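**Student:** Sequence first, then the predicted structure:
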Amino acid sequence: MSIKYEKGQYAQKKHNFYTIVGIIGDILFYPIIIISLFCCLIIYTQKQENKVPSLFGVSIACVSSGSMTAGGFNEGDIVFLHNEKVENLRCGDIVAFYYKPASISVNNLTLVQSYNRDTGEATDYNFPTPSIEDQHNRLSLDEVRQQNTPVYFHRIIKIYTDKAGVLYFQTQGDSNSSLDNIFCGDYIVGEYSTTPQWIRSVFSFIASSTGMIVLVVVPLSILIFFMLLSIIEQISKLSIERKVLRREIRFDSEESIEANIGIEMEKLDKIQFYANSSLEDRAEVAKFLWEYLKFGNAKEQKMYSTINYVTENFNDNPSYYWRFWIQNAKTHGTKNKIEKLWQEWDRENSTKKVYLASQSKSKKKT
């Protein structure tokens, strides 16, 4: 038994539990994925001792020891770095760098600037003009990375230069009593960009087991749950659509309307379904399949008017109906499929006409 609806029954989508859950899942999908990826990046950064992810000139590094505790940095803190030219760095700046001690002796270098930890003051920056081209043999940054060289996060205490103008740095952890060995400025990853303590605390929480569960595992589990419900809905709709196409249930039955079959049915199925509809149902089937276009944008409204015209004249001129869809097909493959549907429909319709004619003759003879 078909269900009677008010005017515009087919034009408005019906929402049930599954569709609402699907909509919520679609809304949450990208935020959850972005947050999860960001959390994974933080976790990855904390677990690596010689990897510093960088994006758009901003890097993320992990404080891997307690050597900077006196400066307010705890072990495991995640900090932001910004790319800075080596020549712009000054004593007192905090930098992350690949700690590869230089083979050159301090005695062969010229002091450019030094830093007093007790007063927090640095001397003037006196960079001499390079006088002799003396290329010192040193590893490239890529070579240093490949050697799994650890990344340190310390404060610059002294800056040196060789005769060729290559800068060398000597750093020290704020909690350490001794200076680090000098290293080439080529190995500096970036300068510390002020990262508030609360942000560092948040990052530390993200990198913890609890943070991973709360911010990664749980959201992804919820997203998977929504996706499963959405898949269930799609399977249910597909089952109902197949029943409608096979005429096992009427197109205007309650379950068909509630599942939005008329709106979401594939284009080729719509074309064939209308053509194979009975004479008394065709006007209602046309509404079932295409009336939603009437309430769309200007382009959709124009399409609806044209479809309405060709369906109203289908009985008198079915070829116009088929040609209309062929002309509006966007690909050559779709055109061929519609032409094939037309041939099948024409062949079946001709067979029916022959059968009805023979039945009529038999009745007259009787």
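**Tutor:** Perfect, I can see it now.
**Student:** Give me the neighbour count for residue 102.
**Tutor:** Residue 102: 22 surrounding residues under other Cβ atoms under 10 Å. Where you see a C-beta, it was placed from the backbone N, CA and C, and this is true even at glycine.
**Student:** what about the helices in the stretch 251-366 of the chain?
**Tutor:** 254-258, 261-264, 267-275, 282-290, 298-312, 318-327, 332-365 (DSSP state H, counting those that start in this stretch).
**Student:** how does this protein divide into domains?
**Tutor:** Segmentation of the chain into domains, based on automatic domain parsing, reads 48-207, 266-365.
**Student:** where does this protein dip in pLDDT?
**Tutor:** Across the chain, the ranges flagged by pLDDT under 70 are 1-9, 11-22, 25, 41-51, 53-57, 132-137, 351-366.
**Student:** Return the most buried member of the domains of the chain.
**Tutor:** Counting by mean count of other Cβ atoms under 10 Å, domain 48-207 has the highest mean neighbour count of those, with a mean of 16.
**Student:** out of the domains of the chain, nearest to residue 234?
**Tutor:** Closest approach to residue 234 among those is made by domain 266-365 (13.1 Å; Cβ to Cβ).
**Student:** so what secondary structure elements neighbour the strand ranked longest in the chain?
**Tutor:** Secondary structure of the chain read by DSSP state E shows that its longest strand is strand 151-161. When contacts are defined as 3 or more Cβ pairs under 8 Å, 6 or more residues apart in numbering; DSSP states H and E, strand 151-161 packs onto strand 94-98, strand 110-116, strand 167-172.
**Student:** With residue 233 as the reference, name the closest of these.
**Tutor:** Taking Cβ to Cβ, strand 94-98 is the member of these nearest to residue 233, at 49.2 Å.
**Student:** Pairing partners for the closest one, with directions?
**Tutor:** Here strand 94-98 has these sheet partners by DSSP bridges: strand 151-161 (antiparallel), strand 188-193 (antiparallel).
**Student:** Just put these in JSON lines and tack on distance to residue 180.
**Tutor:** What follows is the strands paired with strand 94-98, written out as JSON lines (distance: least, Cβ to Cβ, whole Å):
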{"stretch": "strand 151-161", "distance to residue 180": "6"}
{"stretch": "strand 188-193", "distance to residue 180": "13"}
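**Student:** mind checking which of those strands is nearest residue 212?
**Tutor:** Across the strands paired with strand 94-98, residue 212 has its closest neighbour in strand 151-161 (22.4 Å, Cβ to Cβ).
**Student:** Next, the angle from the closest one to strand 167-172.
**Tutor:** Strand 151-161 and strand 167-172 meet at an angle of 130 degrees, taking axes from the mean of the first three to the mean of the last three Cα atoms, to 10 degrees as the criterion.
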